[in-house]
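Peer 1: fold the following for me, if possible:
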Amino acid sequence: MGGWEGGIRVPGIFRWPGVLPAGRVIHEPTSLMDVFPTVVELGGGHVPQDRVIDGRSLVPLLQGTAEHSAHEFLFHYCGKYLHAARWHEKDSGRLWKVHYMTPRFHPKGAGACHGQGVCPCSGDGVTQHSPPLLFDLSRDPSETRPLSPGSEPRYHAVLARVQEALEQHRRTLSPVPPQFSLGNIVWKPWLQPCCGTFPLCACTQDGDPSEA
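Peer 2: I've put the predicted structure just below:
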């Protein structure tokens with residue numbers, strides 16, 4: 001799904017009897033990167049201070065002491081390619097989404113890449129958007145009405161603010177060897193996606209690895 005909301009708005013379930021109230025629903029976008037600082041805080045530790053930690057602890061959200069996520073910006077990658085960015089504007093409460101590239105679904109209008117299994121993240125399988133697509137998710141969560149200078153007075157200002165945050169984000173990135181390259185994972189089966197007994201990586205209907 002690239003950076004489309006259909007691949008981002010998936011549920012997360014937390015259960016902690018006696019600590020977290022049952023049945024509470026939190027309508028805030030978070031990230032798997034948030035799991036690390038959350039577990040560290042719950043364990044009484046502190047995240048490393050000698051590097052950039054992109055995640056934010058979910059403890060305030062889970063305990064109800066915070067109404068909104070600590071993320072002002074979230075950057076959505078497809079593989080190593082940045083496809084989209086979202087900005088939760090604190091002053092107005094509006095939630096903006098900017099798409100720099102999107103996967104080319106096929107057949108057209110299908111909302112998926114039928115025949116390929118997984119949509120590509122780059123190359124001929126994506127559409128580069130210049131200018132980027134802009135949506136107001138607080139009013140259009142289905143991303144069906146891209147905004148324009150004529151329909152949104154703050155169009156250029158919003159794109160400029162998100163671009164500024166994106167450039168700041170990119171300055172924090174350092175090149176690292178790709179963990180999932182073939183040359184790296186072929187001798188490291190623990191890095192390979194597998195839900196069976198290596199090397200017989202397969203899933204049964206009941207998910208019993210012993211039957212793979």
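Peer 1: and the contacts of the helix of greatest length in the chain?
Peer 2: Longest helix of the chain, by residue count under DSSP state H: helix 155-171. Residues from elsewhere that reach helix 155-171 (C-beta atoms under 8 Å, 6 or more residues apart in numbering): 72-73, 75, 82, 85, 87, 96, 98, 131-132, 134, 147-149, 152. (Glycine included, C-beta is placed from N, CA and C.)
Peer 1: likewise for stretch 61-68?
Peer 2: Residues lying outside stretch 61-68 but in contact with it, judged by C-beta under 8 Å, 6+ apart, are 14, 16, 20-21, 24, 26, 28, 30, 38, 60, 69, 88, 90.
Peer 1: and with 6 Å instead?
Peer 2: Contact with stretch 61-68 is made by F14, L20, I26, P60, as judged by C-beta atoms under 6 Å, 6 or more residues apart in numbering.
Peer 1: now these in TSV, with secondary structure, distance to D124 and pLDDT?
Peer 2: As requested, the contacts of stretch 61-68 are exported to TSV (DSSP: H, G, I helix; E, B strand; the rest coil; distance: C-beta to C-beta, whole Å; pLDDT from 0 to 100):
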residue	secondary structure	distance to D124	pLDDT
F14	coil	40	91
L20	coil	46	89
I26	coil	39	91
P60	helix	43	93
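Peer 1: re the thing from before, what about the contacts of helix 155-171, which are in strands?
Peer 2: Using DSSP state E, F73, F75, L82, A85, W87, W96, V98, P131, P132, L134 are the members of the contacts of helix 155-171 that sit in strands.
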